[in-house]
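Asker: would you be able to build a 3D model of this:
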Amino acid sequence: MKTLSRDIQGFDLVSQWLIWTDNVANFDLEGLPLNTAILEERQAYPLWPPFTIKDDSTNGEVTYSGLCIMMLDELGLRLNFSYKLVEPSDNEWGRLDNGRWTGMMQQLVTKQADMMAAAISIQQEREDDVDFTYPFFYDYKGIIMKHDTSNLDDWDELIDPFQPVSLVLLLLSVPTMAALLCVCENITPANQQDKRSDWPLDISPFKSFSHCLLYMYGALLCEGGEDTCKSLTGRTILAFWWLFALVVGGIYTGNLVASRTITAAAPVINTLTQLLEHPSYRWGIEQGDYLSMMFPTSNIDKYKAIWAGVERFNKTDPTVLSSNYSAHMAAVRRGNYAFFNDKSILAVEVSKDCENLVLATEQFLPMQFAIGLHQFSLYRLQLSKE
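Answerer: Numbers count the residues shown, from 1 in each chain. Below you'll find the predicted structure:
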């Protein structure tokens, strides 16, 4: 691999860069091949979409795609360089382990690679040993978990659309209106026998309170009947009751659908504090992720508590500190497990399985993704401009 410090030709190239102006069009790496570290799981499953995606199912050949690959292709075209992708043997982003870097950071620091091109964030500890370009993406850390469906079959959920006071008034309105209709039908002249006439009287069924009660209840459920009132007063009462029943039915149906939709999308836990207070939940982080360095050294109480929980769970369940992203997501789908990672990546998981997965509303630790380079690299400025 030809670099700027390995041979005389490289030093000649350095001197040429130093006298160039800011005109990016003049910047040319003369086809220089760069070893680029990229974090990817060595399986067909795409580990980090949409940034880096690996596919080895095409004729047995490994191919890479994603936003970072598209960015590398465009940079190589503009600045005239080629690249070779190299995966870290430990499949980690990069953390300090007894003073030594792991993962992609180790590849870059030891000059096994010339560039890190992945969704790796700029952090103070990393900047002490490598340089970064200007950020190309901004993100936060998020929390993903399985949606709790334990209460979706409760029958008492059917009364949730109305407040208790509304339900009581609605129930009282049925016998009240039934009694009013019955009284009106009994006192109306249309239902009184004319003593001067020999024609038989067609008795209205609404003269019976029980019939009025059943009719009012059926109308509330939008179930009609063939009976009608003989009096104009009774028919007016029924007309207003049917209008009332339609309005109540529409409001109930809308609120019921809305309440079930909100329940299906709402997470059980929304914040780190709530997670700490939930005794049945475990949580994990990806080994090599920046959180595996930040949590142990943080002075914030809730971060300390989160890391204490990770250490406690790790004694019986090594998944909580696994570097295998798929293992964490499998634990999430089993339930009672929260996984911390980049929010944009977790949002992709939720979009693929929104019925079972949900994101907590809290986001923390703002991040900036950038290309990593050797310290004092002369590529940094020109790559940032592009």
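Asker: sketch out the low-pLDDT regions of the stretch 201-350 of the chain for me.
Answerer: 201-203, 224-225, 259-267 (pLDDT under 70).
Asker: quick one, strands of it?
Answerer: Per DSSP state E, counting those that start in this stretch, the stretch 201-350 of the chain carries strands over the ranges 282-285, 337-342.
Asker: list the contacts of the last one.
Answerer: Around strand 337-342, the neighbours that count as contacts under CB atoms under 8 Å, 6 or more residues apart in numbering are 119, 139-146, 269, 275, 281-286, 289, 291, 325, 328-329, 331-332, 346, 360, 367. Every residue, glycine included, has its C-beta placed from N, CA and C.
Asker: and that strand, which strands flank it?
Answerer: strand 137-146 (antiparallel), strand 282-285 (parallel) (DSSP bridges).
Asker: nearest to Asp227, of these?
Answerer: strand 137-146 (52.6 Å; CB to CB).
Asker: present the strands paired with strand 337-342 as JSON lines; the columns should include distance to Ile306 and mean neighbour count.
Answerer: Shown next, in JSON lines, are the strands paired with strand 337-342 (distance: least, CB to CB, whole Å; neighbours: other CB atoms under 10 Å):
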{"stretch": "strand 137-146", "distance to Ile306": "10", "mean neighbour count": "20"}
{"stretch": "strand 282-285", "distance to Ile306": "7", "mean neighbour count": "23"}
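Asker: Met216 is nearest to which of these?
Answerer: Among those, strand 137-146 sits nearest to Met216 (CB to CB), with 45.0 Å.
Asker: pLDDT on the closest one, on average?
Answerer: Averaged across strand 137-146, the pLDDT comes to 93.
Asker: so what touches the following helix or strand past that strand?
Answerer: Using DSSP states H and E, the helix or strand that follows strand 137-146 in sequence is helix 164-187. Defining contact as CB under 8 Å, 6+ apart, one finds that helix 164-187 is touched by 159, 162, 191, 204, 206-209, 212-213, 215-217, 220, 229-231, 233-234, 237-238, 241, 248.
Asker: at 6 Å instead, please
Answerer: For helix 164-187, the surrounding residues in contact (CB atoms under 6 Å, 6 or more residues apart in numbering) are 191, 204, 206-207, 209, 212-213, 216-217, 233-234, 237, 241.
Asker: pull out the buried positions in that helix.
Answerer: 174, 177-178, 180-182, 184-185 (16 or more other CB atoms under 10 Å).
Asker: now the longest helix anywhere in the chain and helix 164-187, what's the angle there?
Answerer: Scanning the chain for the helix with the most residues, using DSSP state H, yields helix 232-265. Using axes from the mean of the first three to the mean of the last three CA atoms, to 10 degrees, the direction of helix 232-265 lies 160 degrees away from that of helix 164-187.
Asker: and helix 232-265, what does it pack against?
Answerer: Counting by 3 or more CB pairs under 6 Å, 6 or more residues apart in numbering; DSSP states H and E, the packing neighbours recorded for helix 232-265 are helix 164-187, helix 209-220.
Asker: check what pLDDT Leu172 gets.
Answerer: pLDDT at Leu172 comes out at 90.
Asker: ok, now Gln112?
Answerer: 89.
Asker: sticking with it, tell me its helix or strand.
Answerer: Using DSSP H and E, Gln112 falls outside every helix and strand.
Asker: so it versus Leu181, what's the distance?
Answerer: 88 Å (CB to CB, to the nearest Å).
Asker: likewise for Lys54?
Answerer: Distance from Lys54 to Leu181, counting by CB to CB: 73 Å.
Asker: likewise Trp241?
Answerer: 8 Å.
Asker: got it, and Leu321?
Answerer: Following CB to CB, the distance that separates Leu321 from Leu181 is 71 Å.
Asker: swap in Ile120?
Answerer: In terms of CB to CB, Ile120 sits 74 Å off from Leu181.
Asker: mind listing the helices for the protein?
Answerer: 8-19, 67-79, 103-109, 124-127, 164-187, 209-220, 232-265, 272-276, 291-297, 301-314, 325-334, 343-352, 379-385.
Asker: right, and the ones you listed - which one's nearest Pro135?
Answerer: Among the helices of the chain, helix 379-385 comes nearest to Pro135, with 9.3 Å by CB to CB.
Asker: what's the average pLDDT for the closest one?
Answerer: 87.
Asker: what comes up buried for it?
Answerer: Result for helix 379-385 [16+ other CB under 10 Å]: buried residues 379-383.
Asker: could you list the alpha-carbon positions for it in CSV?
Answerer: In CSV, the C-alpha atoms belonging to helix 379-385 read as follows (Å, rounded to 0.1, in the frame of the first residue of the first chain):
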residue,chain,number,x,y,z
TYR,A,379,-6.3,13.8,2.7
ARG,A,380,-8.6,15.2,5.4
LEU,A,381,-9.1,18.7,4.1
GLN,A,382,-9.7,17.7,0.5
LEU,A,383,-12.0,14.8,1.4
SER,A,384,-14.0,17.1,3.7
LYS,A,385,-14.4,19.6,0.8
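Asker: any idea how far it is from the chain center?
Answerer: How far helix 379-385 lies from its chain's middle: 34 Å, per CA atoms, centre = their mean, to the nearest Å.
Asker: so which elements touch it?
Answerer: Counting contacts by 3+ CB pairs under 6 Å, 6+ apart, helix 379-385 is packed against no other helix or strand.
Asker: good, we can wrap up now.
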